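Visitor: okay, here's the prediction I keep looking at, along with the sequence it came from:
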Amino acid sequence: MQRIITFLALLVCGATLAQTMDVHNEGRLYISPGTLLAIGQDFANEGEGWLTNDGELLLEANYKNSGVVDFMQDGGITRFESDQFQMLQGDMPSDFYNVLFDNPSQQPAFGLANDFYIYGEVSFTQGIVDNKNYNGNLIFQPGADHFNTSDQSYAEGYVVRKGKESFTYPVGEDGHYRPAVTVLGAKEETSFSTKYFLENSSPVFPHNRLSVDIITMDKAEYWKIETTKQNDEVLIRLTYDPATTPADLLEDPSKLGIVAWNIDENRWNSLSSVVNENTHEVTSVLSPRDYVAFTLATIRKPDKKDLIIYNAVNPGDIGGNEYFKIVGLNKYPNNYVQIFNRWGVRVFQTRSYDTHDNVFRGISHGRITIDEGKELPVGTYFYVVKYQDEKTKEMKSVAGYLYLTR
């Protein structure tokens, strides 16, 4: 691999080396595949500068972009590596394919005051990216992802994701990586913006405005998950962690649920939730445009006398559990049943369940599901049952896991 320590005139037209030893690009700079360009000084891509990286760019000091930073198809990697704080700024957005953050200095190690558009992958190897105090944005484009996130490396501010696939937001605060997951399944690409707050949500979203089934709120942390386009329901997954989640909520994790601030009702509502105590995950399904803030709480579960749900399905067990049986649901004709696979993709949905052979038999079915009519693989699935009490007109819901065998 060719290693280039400073700009070479044969490679860079218009690049200059300032007297301060800072590096400025005022022309066209192309880093070809198989080439490493390492810059140990502050680097500025000026207003007339155009940097295209299809190789490897190593930046060991501060970065500023006022021009064009991009890549060609399947572009290269930009590495921000240092043992000192790195300021990443500029008044023009930067388009990167792959990015690596690796800085073990005092945290946060990076101040992000630029908009980074990510098209490939981000490796959060070491170093917290502070875009909360510097007003920058990490914007993941459709298909983009990240890895290596930990308490030592994540984004401390809003992270934006565009697309319609499942995405884990690499967010946290004060040395705690606290991811949130959204699973879309929308017909069109959607943009979500997510941030984690290690603080009590009550001053902004008062805890004295609660639905009656909320018992104890999480007073130490919350997430904001915002969108402007999504109308369909999506799956939201939060985690609980003894390092940040209050101990009184973890005395019985099975009672946990996701609660969300309803924009129109101006209060906290509980959502149909299911808890995985092995992975410390709590999962709900909701229409995200109705809510803006999310946290955990202990909640009163629906009265199990309403329904009897058999959570084992074996299509070959004729006369037994050949379909997903919900005893008592026929008393509530205004009902809606959804089933999701382990990745949060909806595989079944219907209204007025079990009224005209519209039952789940391990086959994908519904208006917006994958592989309509296809036999689904053996495994664990997630269900949500919503039903209306005919007397009170109250909508109730229950969620849980079901197990498909053959």
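Guide: Cool, got the structure.

Visitor: hey, where'd the strands end up in the stretch 301-406 of the chain?
Guide: Along the stretch 301-406 of the chain, counting by DSSP state E, counting those that start in this stretch, strands occupy 308-309, 312-313, 326-327, 335-340, 346-351, 379-388, 395-404.

Visitor: most packed of these?
Guide: strand 335-340 (a mean of 22; mean count of other C-beta atoms under 10 Å). Glycine gets a C-beta too; all of them are placed from N, C-alpha and C.

Visitor: which residues are contacting that one?
Guide: With contact meaning C-beta atoms under 8 Å, 6 or more residues apart in numbering, strand 335-340 is reached by 183, 233, 235, 285, 324, 326, 329, 346-353, 360, 366, 381-388, 402.

Visitor: try stretch 59-69
Guide: 25, 38-51, 53, 78-82, 84, 86-96, 114.

Visitor: which of the residues you listed count as buried?
Guide: 25, 39, 41-46, 49-51, 53, 78-82, 86, 88-90, 92-96, 114 (16 or more other C-beta atoms under 10 Å).

Visitor: quick check: beta-bridge partners of E226?
Guide: Following DSSP bridges, E226 is listed with bridge partners S193.

Visitor: how close does it sit to V292?
Guide: 6 Å (C-beta to C-beta, to the nearest Å).

Visitor: how is this protein divided into domains?
Guide: 1-157, 188-301, 308-404 (automatic domain parsing).

Visitor: any chance of the ones you listed in a markdown table, plus distance to S166 and mean pLDDT?
Guide: Listed next are the domains of the chain as a markdown table, based on distance: least, C-beta to C-beta, whole Å; pLDDT from 0 to 100:
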| stretch | distance to S166 | mean pLDDT |
| --- | --- | --- |
| domain 1-157 | 10 | 89 |
| domain 188-301 | 8 | 92 |
| domain 308-404 | 5 | 87 |
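
Visitor: of all those domains, which one is nearest D174?
Guide: domain 188-301 (5.2 Å; C-beta to C-beta).

Visitor: so G175 sits against Q107, correct?
Guide: Yes. Using C-beta atoms under 8 Å, G175 is in contact with Q107, at 7.1 Å.

Visitor: between these two, which contacts overlap?
Guide: By C-beta under 8 Å, 6+ apart, the residues touching both G175 and Q107 are 128, 152.

Visitor: more neighbours, those two?
Guide: Neighbour count, other C-beta atoms under 10 Å: between G175 and Q107, Q107 has more, with 19 against 14.

Visitor: quick check: that one touching G127?
Guide: Yes. Q107 is in contact with G127 according to C-beta under 8 Å; the separation is 6.9 Å.

Visitor: between the two, what contacts are shared?
Guide: Q152.

Visitor: tell me the buried residues in the host helix or strand of I215?
Guide: I215 is part of strand 214-217 when elements are defined by DSSP states H and E. For strand 214-217, burial by neighbour count (16+ other C-beta under 10 Å) applies to 214, 216-217.

Visitor: now swap in stretch 249-269 and tell me
Guide: Result for stretch 249-269 [16+ other C-beta under 10 Å]: buried residues 249-250, 253, 255-262, 267-269.

Visitor: let me know the closest of those to T168.
Guide: Among the buried residues of stretch 249-269, and counting by C-beta to C-beta, the member closest to T168 is I258, at 15.9 Å.
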